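Engineer: after the sequence you'll find the predicted model.
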Amino acid sequence: MTQQQALEMSTDLICRDERESRLLRAMYRKSKVEQRRTCVLYTIAYEWIDREAPPSSSAGPTTQERMELYAQHARPLAMEAAQRALADAGTEPSEITHLVTISCTGFDAPGVDIHLFDQLGLTPDVQRLNIGFMGCHGAINGLRAAQGLAAADPAAKILLVAVELCSLHFKFQWDPKRMMGNALFADGAAAIVLEGDPTDQKICSLADTASYLIDDSREAITWEVGDFGFDMSLDSAVPQLISQHLRTWLEKWLTDRGHNLDAIQSWVVHPGGPKILDAVEEALGLDKDDLSTSRSVLAEHGNMSSPTILFVLKQFLEQQSKGPYLALGFGPGLMAEMALFE
């Protein structure tokens, strides 16, 4: 759906007066999202509430109903991403030794991982790990886990799959703190194959990862299970917190590993939103072009949570951009997660 279609639907279902309509238009415009994809046709939202009900009078489907939709749609979306990753890597499903799945938008067991076993034809002794409820930086947490698995078993071939159905948590009632989520988030899946043998590098090598918990930021980003979907809040202080704390930590971390900010050739930053990208840019002294790929993914796909950073990474790899690459994402905590590719 286009952002204009999303705005029209949201205005119809949520806004009770011209003031709310005006504020919503501003939020959707400032999101810099141009189009998004959803697992169900967006107009279905009109059927999820009583058509005669006034705007904002219904909270929409229950969490149980939304989880039923997650179980129905997350599996085939993850399957499609996994098949593409295996084909791109020239890897047969029978060669996979480990499966890492990532999602924060639904719970289902047996779920996506077992579906991939059944439909891909993974061998029954594939070891599996699920990275759950970690938010937008979940793919970096998954990469860290995969790196550990590969270190323990150099012959490992690891399939990592991230799938999110953010649209299922659309908020039907006016709440200024939650409306930006309606404007930004989308559905998507991405997958990648990682190998433990360093002599058989296909594209690039994951050199290291890092985490940093920012002080006094526990309420900056929250993601909680509610009665009518999951509830996200994004505090307006998040960009300022990033601007204040990111550079000092990152410079030290890179220096300890023989790098510096100027050595990073490609910035794979999760596009959590325009203000977050602006804050990273300001904190690290980057040029506008350095985050153009992140902004392009945001405009074309919206914020898909955990798969999004893999979309950004894929564009850099397809463009054969120079390394080293540095991937960076933010999530509840406020936590910064980072991965260095060489």
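Structural biologist: Yes, it's here. Residues are numbered from 1 along each chain as shown.

Engineer: doesn't P271 fall inside a helix?
Structural biologist: No: using DSSP: H, G, I helix; E, B strand; the rest coil, the assignment for P271 is coil, not a helix.

Engineer: check contacts around it.
Structural biologist: L277, S294, R295, V297, L298, N303, T308, V312 (C-beta atoms under 8 Å, 6 or more residues apart in numbering). Using the backbone N, CA and C atoms, a C-beta is placed for each residue, glycine as well.

Engineer: tell me which element the second one is part of?
Structural biologist: The reference is to S294. Assigned by DSSP states H and E, S294 falls within helix 292-301.

Engineer: show me what that helix is packed against.
Structural biologist: strand 266-269, helix 274-284, helix 308-318 (3 or more C-beta pairs under 8 Å, 6 or more residues apart in numbering; DSSP states H and E).

Engineer: list the buried residues in that helix.
Structural biologist: Across helix 292-301, burial judged by 16 or more other C-beta atoms under 10 Å covers T293, S294, R295, V297, L298, A299, H301.

Engineer: export those residues to TSV and tack on distance to S21?
Structural biologist: TSV is the format used below for those (distance: C-beta to C-beta, whole Å):
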residue	distance to S21
T293	33
S294	30
R295	27
V297	29
L298	24
A299	23
H301	26
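
Engineer: still on that earlier bit, adding distance to L241 and mean pLDDT, write the helices and strands packed on helix 292-301 out as CSV.
Structural biologist: CSV is the format used below for the helices and strands packed on helix 292-301 (distance: least, C-beta to C-beta, whole Å; pLDDT from 0 to 100):
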stretch, distance to L241, mean pLDDT
strand 266-269, 16, 97
helix 274-284, 8, 97
helix 308-318, 19, 96
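
Engineer: which residues in this protein form helices?
Structural biologist: 3-14, 18-30, 63-89, 112-120, 138-152, 176-184, 238-256, 274-284, 292-301, 308-318 (DSSP state H).

Engineer: what's the mean pLDDT across the longest one?
Structural biologist: To tie it back to what came earlier, the one meant is helix 63-89. Averaged over helix 63-89, pLDDT sits at 97.

Engineer: just the fifth one next, same as before
Structural biologist: pLDDT averaged over helix 138-152 equals 97, rounded to a whole number.

Engineer: try the second one
Structural biologist: Here the mean pLDDT over helix 18-30 is 97, rounded to a whole number.

Engineer: which residues sit against that helix?
Structural biologist: In contact with helix 18-30 (C-beta under 8 Å, 6+ apart) are residues 3, 6-7, 10-11, 14-15, 174, 176, 179-180, 183, 274.
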